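K.L.:
My questions concern the predicted model and sequence given below.
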Amino acid sequence: MVLKQTPDRPHSVWLTYHAAEAITAAIIFVVGLVMMIDGYRSGMGWAFDGPESGYFPFRTGAILFISSAVIFLRTLFGKHRNDKLFVSWDRFKQVLYVLIPIALYVLVTQFVGIYVASAVFIGVFMRVMGKFSWLKIILISVGISVTLFWMFEIQFMVPLPKGPLESLLGY
Amino acid sequence: MEDLFNLFHGFAVIFSWYNLGMMAIGLVLGVIIGVLPGLGGPNGVAILLPLTFTMSPTSAIVMLSCIYWGSLFAGAITSILFNIPGESHSVATTFDGYPLAQQGRAGEALTCSFTGSFFGAFFSVMLITFLAPLVAKFALKFGPPEFFAVYFLTFASFIGTGKDPFKTMIALMIGFGLAQIGMDSVSGSLRLTFGWSELLRGIDFLIAVIGLFGIGEILLSMEEGLKFEGKDAHINVKVVWETWKKLPKYWMTLLRSSAIGAWMGITPGGATSASFMGYGMAKRFSKDGDKFGTGQMEGVIAPETAAHASGCAALLPMMALGIPGSATAAVLLGGLMIWGLQPGPLLFIEQKDFVWGLIASMYLSNVVGLIIVLSTVPLFAAILRIPFSIIAPIIVVVCAIGAYSVHSAMLDIWFMLVFGVIGYIFKKLDYPLAPLVLALVLGDRAEVAFRQAILGSQGALSIFFSNMLVGGIMTFGILMLFWPAISFAWDKVRGVDPGSHERRKTV
């Protein structure tokens, strides 16, 4: 079997597994702490009629706190340290190429409605990632938005976010 | 006898054009969802759930469960033809399925896996037909302590059977934490909202499922830079018939995998571990065990049969106890609550049409499903040849619409995005997602059961050991909870390197 050649340059080693593991554990640690504090605030003990409402959150937080601490320490001082690459910068850029557009898509949806935003999102994605011709892009992106509109607004009567274009058309 | 009568009644319920149509739509959608990267059983059902709000519960569950069966069938298509498991439970199918396809025997491999799936499903449905009513009848005697004990056992067995107990624990607790956000259903006070009024209604599990499984998977596929280059699916009546003639030889594998799958489905082991176990056992007991991995039909039958058996069996505890055995079953359970049904043993008494209609539909839909997948494989394989740069944005749009339509809230789409990032990181770091979803769906109910139990005993925890039944379940649960520690200690005593199991598992 031929080993797959990775196109990544050596200096693009960016984040190793144990670093990612430790950072994640640290974040969960903080989440556990926040939950414990909120649980303490709303009462973590026993009232005359049973457990108070913070009883469960406090304990849930405490278990998160302990488990993540174990993983954090195990990652830093454990025997089997996994120095393999978690994700290289080159690969992570690919993830950002889709993550940032999705965030923009959600943001734009708030102003122009989901149908227009979807058509634009699909179109831009196809253009940038797939280098399709404009004709194909317009056919597919607009076609899908119109289909979705027909399905949700007309067939199933589930209202989705709409913007100025839809109100211009009388919806 | 009474069960058979009920079953016939169930068939009478689903034999309407509308319900049969819903079944066909569900199966086809399920296969498409199973083939597409980023969409699978749990989030596919979650996205379509809002569309069923206005349907009758029986039609809705028939359609959604058929999506589940369709996606179970579909996992094999991508594994065999493209060497890419469309679903995590079909990873083991790639071991022998893809080599078979490379030898030009894709048709045989597909026929094997579909028929195996069908067999496994049939086994589990039979089990459900006769066992579920008994379990439900038994569970009618359950009070809050017993229910909490069963919840506890469910959660603990994730830790007992999972890879890394600490990560499973974290996944469970995050699920619980998310379930606690919003109004406390017992006292009415606000928890974990931090004064943010949008958090008042809590975080819906559907949003979490769509984000974790859908967006997370898209991010992962982007990073891996997927390119689909697959083998052609030549499948015709002759190939199917020739393969079927060979199948009776493998009756032992079929039965063994069905039994493993059914067991793993009822206990929340999940289809993924069931398929690996089925494959491992077949390899051990087969006389061609050393040839596994080079394209053995048994190596395709074993994991697929186990996966489908476990997927079906996961509905048994969901119907009889209100405790789902898999992530998709958890989403279906959430659907029950949305349609206004109270999950639990009373379903078998109060909602006979619903329960038996579902069971009858499981028989029928697996037959219909087998015919659909056998006759239309090339069509579904063609979906994968559509470039990822078209598929990916469409899946994102579908996910966003699904997330919005749950509560008609814009904020939910943002939450979906956050869950997507969490899903991406968790998958890469091997945090299990199924326990998180299950804890999120069941968290409230488990907490209420605990608090009611403890109210009855005026604060004494001894209520959970007050009789044989509840004490037995609790003890078993505690055993499962500490199982990783017990096996670790046992290895130490015997002088084996305790880490060696784990490493072997990952190889």
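P.N.:
Happy to help now that I have it.
K.L.:
Identify the residue spatially nearest to the closest residue to chain B within chain A, adjacent ones excluded.
P.N.:
In chain A, the residue that lies nearest chain B is residue A:130 (3.1 Å; C-beta to the nearest C-beta). For the C-beta atoms, the positions are set from N, CA and C on the backbone; glycine is no exception. Nearest residue to residue A:130, sequence neighbours excluded (C-beta to C-beta, 6 or more residues apart in numbering or on different chains): residue B:389, at 3.1 Å.
K.L.:
which element is the one you found on?
P.N.:
Element membership of residue B:389 [criterion: DSSP states H and E] is helix B:388-407.
K.L.:
And residue A:86, by the same measure?
P.N.:
strand A:85-87.
K.L.:
from the chain's centre, how far out does that strand sit?
P.N.:
18 Å (C-alpha atoms, centre = their mean, to the nearest Å).
K.L.:
how about that strand against chain B, any contact?
P.N.:
Yes: on the criterion C-beta under 8 Å from any C-beta of the partner chain, strand A:85-87 is in touch with chain B at A:86, A:87.
K.L.:
Ok, stretch A:28-40 next?
P.N.:
Yes: among the residues of stretch A:28-40, A:28, A:31, A:32, A:35, A:38, A:39 lie within reach of chain B under C-beta under 8 Å from any C-beta.
K.L.:
Not counting its neighbours along the chain, what's nearest the residue of the stretch 1-150 of chain B found nearest chain A?
P.N.:
Nearest residue of the stretch 1-150 of chain B to chain A: residue B:51, at 5.3 Å (C-beta to the nearest C-beta). Nearest residue to residue B:51 in three dimensions, chain neighbours excluded: residue A:156, at 5.3 Å (C-beta to C-beta, 6+ apart).
K.L.:
and the one you found, what pLDDT?
P.N.:
Here, the pLDDT recorded for residue A:156 equals 76.
K.L.:
and the closest residue to chain A within the stretch 301-450 of chain B, what does it touch?
P.N.:
The minimum distance from the stretch 301-450 of chain B to chain A, using C-beta to the nearest C-beta, falls at residue B:389 (3.1 Å). When contacts are counted by C-beta atoms under 8 Å, 6 or more residues apart in numbering or on different chains, residue B:389 touches A:125, A:126, A:129, A:130, A:132.
K.L.:
The third one falls within a strand, correct?
P.N.:
So that's residue A:129. No: assignment of residue A:129 by DSSP: H, G, I helix; E, B strand; the rest coil gives helix, placing it outside any strand.
K.L.:
got any ranges where the stretch 351-500 of chain B has weak pLDDT?
P.N.:
Scanning the stretch 351-500 of chain B for pLDDT under 70 picks out the ranges B:496-500.
K.L.:
Name the nearest residue to the residue nearest the centre of chain A, sequence neighbours excluded.
P.N.:
Closest to where the C-alpha atoms of chain A average out (C-alpha atoms, centre = their mean) is residue A:99, at 7.7 Å. Nearest residue to residue A:99 in three dimensions, chain neighbours excluded: residue B:219, at 6.4 Å (C-beta to C-beta, 6+ apart).
K.L.:
In stretch A:116-130, which residues are buried?
P.N.:
A:116-127, A:129 (16 or more other C-beta atoms under 10 Å in any protein chain shown).
K.L.:
Could you pull up phi and psi at the residue most central in space within chain B?
P.N.:
For chain B, the residue nearest the mean C-alpha position is residue B:326 (3.6 Å; C-alpha atoms, centre = their mean). The phi/psi pair for residue B:326 (degrees, to the nearest 10) reads phi -150, psi 170.
K.L.:
Give me the pLDDT for it.
P.N.:
Note on residue B:326: pLDDT of 80.
K.L.:
just checking, it touches residue B:312?
P.N.:
No: with contact defined as C-beta atoms under 8 Å, residue B:326 does not reach residue B:312; the gap is 9.9 Å.
K.L.:
From residue B:448, how far out is the residue of chain A positioned farthest from its centre?
P.N.:
Centroid-distance maximum for chain A: residue A:48 at 42.3 Å, with C-alpha atoms, centre = their mean. Taking C-beta to C-beta, to the nearest Å as the measure, residue A:48 falls 19 Å from residue B:448.
K.L.:
Enumerate every residue touching the residue nearest to the residue nearest to the centre of chain B when sequence neighbours are not counted.
P.N.:
Nearest residue to residue B:326 in three dimensions, chain neighbours excluded: residue B:314, at 3.9 Å (C-beta to C-beta, 6+ apart). Each residue near residue B:314 by C-beta under 8 Å, 6+ apart is listed here: B:265, B:266, B:268, B:270, B:271, B:324, B:325, B:326, B:328, B:329.
K.L.:
Next, residue B:314: phi, psi?
P.N.:
Backbone torsions for residue B:314, taken as degrees, to the nearest 10, come to phi -60, psi -20.
K.L.:
So what does residue A:46 have for phi and psi?
P.N.:
Taking degrees, to the nearest 10, you get phi -110, psi 130 for the backbone angles of residue A:46.
K.L.:
Check it and give its pLDDT.
P.N.:
Confidence score, pLDDT, at residue A:46: 76.
K.L.:
same thing with residue B:136?
P.N.:
Per-residue confidence (pLDDT) for residue B:136: 88.
K.L.:
so how far is residue B:360 from it?
P.N.:
Applying C-beta to C-beta, the value for residue B:136 to residue B:360 is 17 Å.
K.L.:
Same drill for these two, tell me which one is more crowded.
P.N.:
residue B:360 (24 against 21; other C-beta atoms under 10 Å in any protein chain shown).
K.L.:
Quick one: residues contacting that one.
P.N.:
For residue B:360, the contact set (C-beta under 8 Å, 6+ apart) comprises B:7, B:10, B:11, B:13, B:14.
K.L.:
I only care about those that end up buried; give me the ChimeraX line for that.
P.N.:
Here is the ChimeraX command that selects the buried residues among those (16+ other C-beta under 10 Å):
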select /B:7,10,13,14
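K.L.:
what bits of the stretch 51-200 of chain B have low per-residue confidence?
P.N.:
By pLDDT under 70, the weakly predicted segments of the stretch 51-200 of chain B are B:86-87.
K.L.:
What distance do you get for the residue in it that chain A sits nearest to to residue A:51?
P.N.:
Here the stretch 51-200 of chain B gets closest to chain A at one residue, residue B:184, 4.1 Å apart by C-beta to the nearest C-beta. According to C-beta to C-beta, residue B:184 stands 11 Å off from residue A:51.
K.L.:
One more: residue B:380?
P.N.:
Distance from residue B:380 to residue A:51, counting by C-beta to C-beta: 51 Å.
K.L.:
ditto for residue B:159
P.N.:
Distance from residue B:159 to residue A:51, by C-beta to C-beta: 23 Å.
K.L.:
How many residues are close by residue B:245?
P.N.:
Using other C-beta under 10 Å, residue B:245 has 9 neighbouring residues.
K.L.:
Identify, from the contacts of residue B:389, the entry nearest to residue B:60.
P.N.:
The closest of the contacts of residue B:389 to residue B:60 turns out to be residue A:125 (C-beta to C-beta; 32.7 Å).
K.L.:
Chain neighbours aside, what residue packs nearest to residue B:6?
P.N.:
Nearest to residue B:6 is residue B:356, by C-beta to C-beta, 6+ apart, at 4.8 Å.
K.L.:
what separates the helix or strand harbouring that neighbour from the chain centre, distance-wise?
P.N.:
Element membership for residue B:356 (DSSP H and E) is helix B:352-383. From the chain centre to the centre of helix B:352-383 is a distance of 16 Å (C-alpha atoms, centre = their mean).
K.L.:
Mind listing what's buried along that helix?
P.N.:
Within helix B:352-383, the residues scored as buried using 16+ other C-beta under 10 Å are B:353-366, B:368-370, B:372-374, B:377, B:380-381, B:383.
K.L.:
Could you list the low-confidence segments of chain A?
P.N.:
A:1-14, A:49.
K.L.:
Spell out the residue ranges of the strands in it.
P.N.:
A:15-16, A:46-47, A:50-51, A:85-87 (DSSP state E).
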